[in-house]
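J.: Below are the sequence and a predicted model; questions follow.
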Amino acid sequence: MISGLLLAALAGCDDSNDRRSRYAEKKPAPRPLERNFDPPRQVLPPSAPKKKEPAWMDYRGEDMRQLTELSGRRVLVVFYAPWSSQAMQYVQAVKSYAEAQDGKAFAVLIDADAHPELARKYDLEAVPLTVLYLEGMKLREMVGGVSAARLDQLIEQTVRVE
């Protein structure tokens with residue numbers, strides 16, 4: 001009796017041909033899901049403005065060797081006297097030149113009257129005196145004042161030649 005029910009069930013449930021015909025049909029591949037929305041963008045807090053490196057400094061007894069060996073920057077060591085109007089105008093030109101270079105140049109301003117030992121070391125005879133250093137190498141000495149544009153030309157010529 002059990003075997004009869006099994007045979008009847010198997011005979012009535014033979015849908016293998018039907019199943020084969022369904023799977024034999026070529027169905028198109030399913031399309032990838034389309035993205036209809038943009039995910040919310042992550043809002044970052046405003047970043048702090050980059051701290052701009054100083055373009056010049058007044059000398060206060062720092063190690064000159066360390067100052068002249070600033071990596072990747074042209075260093076101008078400028079001796080001046082506060083009583084000389086020509087020297088003070090030149091100091092302003094040097095400051096504007098250094099600030100315009102956007103980190104490529106750095107000026108060390110030295111009051112020759114306040115630091116006579118350093119003035120002797122550099123054999124200072126007249127002010128203003130500018131000494132140009134690149135990677136710790138002394139490239140040029142310039143006596144007298146010029147405008148910021150002329151200073152830029154002189155430095156560019158010197159750096160190109162070296």
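T.: Structure's in. What do you need?

J.: from here on, contacts and neighbour counts on C-alpha atoms
T.: Fine.

J.: and D111, what is it in contact with?
T.: Y59, F79, Y80, A81, P82 (CA atoms under 8 Å, 6 or more residues apart in numbering).

J.: now do the same end-to-end measure for stretch 51-67.
T.: 20 Å (CA to CA, to the nearest Å).

J.: Stretch 129-145 now?
T.: End-to-end for stretch 129-145, by CA to CA: 8 Å.

J.: Next, the buried residues of it.
T.: Using 16 or more other CA atoms under 10 Å as the test for burial, stretch 129-145 gives L129, T130, V131, L132, Y133, L134, G136, L139, G145.

J.: Can you tell me which of the residues you listed is closest to M64?
T.: Top of the list for closeness to M64, among these and by CA to CA, is G136 at 10.0 Å.

J.: Against E125, how distant is the closest one?
T.: 23 Å.

J.: go on, W83?
T.: W83 is 15 Å from E125, by CA to CA.

J.: So in terms of bridging, what pairs with E141?
T.: V131 (DSSP bridges).

J.: In contact with it, which residues?
T.: L129, T130, V131, L132.

J.: can you tell me which two in those residues are farthest apart?
T.: Most distant of the contacts of E141, by CA to CA, are L129 and L132, 10.0 Å apart.
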